[in-house]
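A.B. asks: sequence first, then the predicted structure, then my questions.
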Amino acid sequence: MMDGAGASKSQGLHWAWIILAVCFVNLFINYGIRLGYGVILPEMIRTMGITRKEGGEIFNAYFYAYICFSPFVGYITDRLGARVVIPIFGVVLGVGTFLMGLSNGFWQAAFTFCFVGIGAAAMWTPIITLVQRWFALHKRGMALGILSAGFGLGFATMGRLYPIIVAHWNWRYCWYILGVAALAMIVINVILLRSKPEDAGVLPWGTKTDDPIPAAPAAPAGKQRSCYGEILSAKRFWMIATSYFAIGAALYMITTFMVDYARYQLGFPYDRASLLATMHGFGQVAGVLTIPAISDRFGRKRTIFTSNILIALIIAWIILSGSNATMLYTSIFIFGIFYGATFPLYGACGGDYFRKEIIGTVIGAFTPFYAFGAIGAHWFGGYIRDVTGSFFIPFAVAIGLSAVSAVLMGFVKKEG
């Protein structure tokens, strides 16, 4: 049997791997910006005089924009193609990130990070849609795992790089450097991206040309023209989306505040507190390179259920670690393994449970749920920390949310 690589017009590298490489770098930069905020936050709090609740609200401004634009971006990706959408929004991402370095107060930072969130809306849904279209169904978990290593490496790198930049200059240069990097990627995206395999005259990589191409569930009768009607009327959509909301809140409750937690609650020096981001990021890489591929064999639903239960147990471990550095670093590393796998696993549900023609729209519709979870985590976590002086309650709530998320996935069915 011959796979999709053999269907290429040439005998060279299948274009799917070029697409994957470019998207990998896009995620590396984008998540260096998004997740790196939590590493920079302690320095912004110190020099700008903002509260932790305000620090959380700045991040929420990002997610408000992200929520508003993600469904729209998914919809236009299905119609215009990722090659058009990603570079256009990349301009907004790069400019907004650079301007973050010029922020002098809460409102200016919140407005600017909102602008960054608009650009970032095209750095997940279109990218994960694009990769799923370029790889055969039974290869998507592997491809999304490799792709998602980009955000883990981005976070790990920023955890080491930011303290060096802050020591030599200040936190503003972290934003300047990432803004320029995001703008540089625009040219590469325009040159190398292709919206679908047909544009390059090939089949998705991994396709068996003498076998039927696997398909997601067909559209219900009478609903071909209304993809949103098809999506929103499906019970499986609401189960997956609500689970995504709960696990998103749990994950961001830890990730956004863990450096601040180590720095100001546990008393770690800034460089040692920032090392948590590096451990978290390397854990993400390990997770995305293994767990999504495992889910190809054992099923997305079963894998997500198990992962979310383990996340609940690991958060309990983080709390119990206290100021024991070895235990804390180890627990954050393992937490990162399942954090990294979460987003490609839920993203792959779009292709598993819905038609391939509407994958982008489905993923775009899922995204606001996890973003609302993150917003709730930032508001609640920051407020409770300001009031009580401790992150114990927010972290304990994250345990419960992880368990709820796992239970909800248990009710997901292929049809209905």
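C.D. replies: Nice, I can see it.

A.B. asks: and the helix or strand hosting L20, what does it pack against?
C.D. replies: Secondary structure assigned from DSSP states H and E places L20 in helix 15-34. Where contact means 3 or more Cβ pairs under 8 Å, 6 or more residues apart in numbering; DSSP states H and E, helix 15-34 is packed against helix 82-100, helix 106-120, helix 125-134, helix 140-168, helix 172-192, helix 197-200. The way it works is simple: take the backbone N, C-alpha and C, and place the C-beta from them, glycine included.

A.B. asks: in the host helix or strand of F72, which residues are buried?
C.D. replies: When secondary structure is defined using DSSP H and E, the element that contains F72 is helix 52-80. Of the residues in helix 52-80, 52-71, 73-78 count as buried by neighbour count, 16 or more other Cβ atoms under 10 Å.

A.B. asks: tell me the contacts of G283?
C.D. replies: Residues near G283 by Cβ atoms under 8 Å, 6 or more residues apart in numbering: 152, 332-337, 339-340.

A.B. asks: mind running it again at 10 Å?
C.D. replies: Taking Cβ atoms under 10 Å, 6 or more residues apart in numbering, we find G283 in contact with 152, 155-156, 330-341.

A.B. asks: also A371?
C.D. replies: Counting by Cβ under 10 Å, 6+ apart, A371 touches 60, 62-68, 70, 117, 121, 244-245, 248, 252.

A.B. asks: next helix or strand past the strand or helix carrying it?
C.D. replies: In this structure, A371 is located in helix 359-388 according to DSSP H and E. Heading C-terminal from helix 359-388, the first helix or strand you meet, by DSSP H and E, is helix 392-409.

A.B. asks: tilt between that next one and helix 359-388?
C.D. replies: Between the axes of helix 392-409 and helix 359-388, defined by axes from the mean of the first three to the mean of the last three Cα atoms, to 10 degrees, the angle is 150 degrees.

A.B. asks: what about helix 392-409, distance to the chain center?
C.D. replies: What separates the centre of helix 392-409 from the centre of its chain is 19 Å, taken as Cα atoms, centre = their mean, to the nearest Å.

A.B. asks: buried residues in it, which are they?
C.D. replies: Quick answer for helix 392-409 (16+ other Cβ under 10 Å): 394-395, 397-399, 401-406, 408-409.

A.B. asks: show me what it is packed against.
C.D. replies: With contacts defined as 3 or more Cβ pairs under 10 Å, 6 or more residues apart in numbering; DSSP states H and E, the packing partners of helix 392-409 are helix 235-255, helix 300-321, helix 325-353, helix 359-388.

A.B. asks: returning to what we had before: hey, which of the helices and strands packed on helix 15-34 is tucked in deepest?
C.D. replies: Across the helices and strands packed on helix 15-34, the average number of neighbours (mean count of other Cβ atoms under 10 Å) peaks for helix 125-134, which reaches a mean of 29.

A.B. asks: for it, packing partners?
C.D. replies: With contacts defined as 3+ Cβ pairs under 10 Å, 6+ apart, the secondary structure elements packing on helix 125-134 are helix 15-34, helix 52-80, helix 82-100, helix 140-168, helix 197-200, helix 325-353, helix 359-388.

A.B. asks: if we use 7 Å, what do you get?
C.D. replies: Contacting helix 125-134 under the criterion 3 or more Cβ pairs under 7 Å, 6 or more residues apart in numbering; DSSP states H and E are the following elements: helix 15-34, helix 52-80, helix 82-100, helix 140-168, helix 359-388.

A.B. asks: can I get those in TSV with distance to S274 and mean pLDDT?
C.D. replies: Conversion of the helices and strands packed on helix 125-134 to TSV gives the following (distance: least, Cβ to Cβ, whole Å; pLDDT from 0 to 100):
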stretch	distance to S274	mean pLDDT
helix 15-34	13	86
helix 52-80	16	82
helix 82-100	18	91
helix 140-168	5	75
helix 359-388	18	83
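
A.B. asks: save the ones you listed as JSON lines, and put in distance to V285 too.
C.D. replies: Shown next, in JSON lines, are those (distance: least, Cβ to Cβ, whole Å):
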{"stretch": "helix 15-34", "distance to V285": "11"}
{"stretch": "helix 52-80", "distance to V285": "23"}
{"stretch": "helix 82-100", "distance to V285": "22"}
{"stretch": "helix 140-168", "distance to V285": "4"}
{"stretch": "helix 359-388", "distance to V285": "20"}
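
A.B. asks: for the ones you listed, which one sits closest to I127?
C.D. replies: Go through the helices and strands packed on helix 125-134 one by one with Cβ to Cβ and the one that ends up closest to I127 is helix 15-34, at 4.7 Å.

A.B. asks: go through the helix or strand just after that closest one and flag the buried ones.
C.D. replies: Toward the C-terminus, helix 15-34 is succeeded by helix 36-48 as the next helix or strand (DSSP H and E). Of the residues in helix 36-48, those scored as buried under the neighbour-count criterion (16+ other Cβ under 10 Å) are 36-45, 48.

A.B. asks: circling back: specify the angle between the helix holding F72 and helix 235-255 in degrees.
C.D. replies: Here helix 52-80 points in a direction 140 degrees away from that of helix 235-255 (the same axes, to 10 degrees).

A.B. asks: great, nothing more from me.
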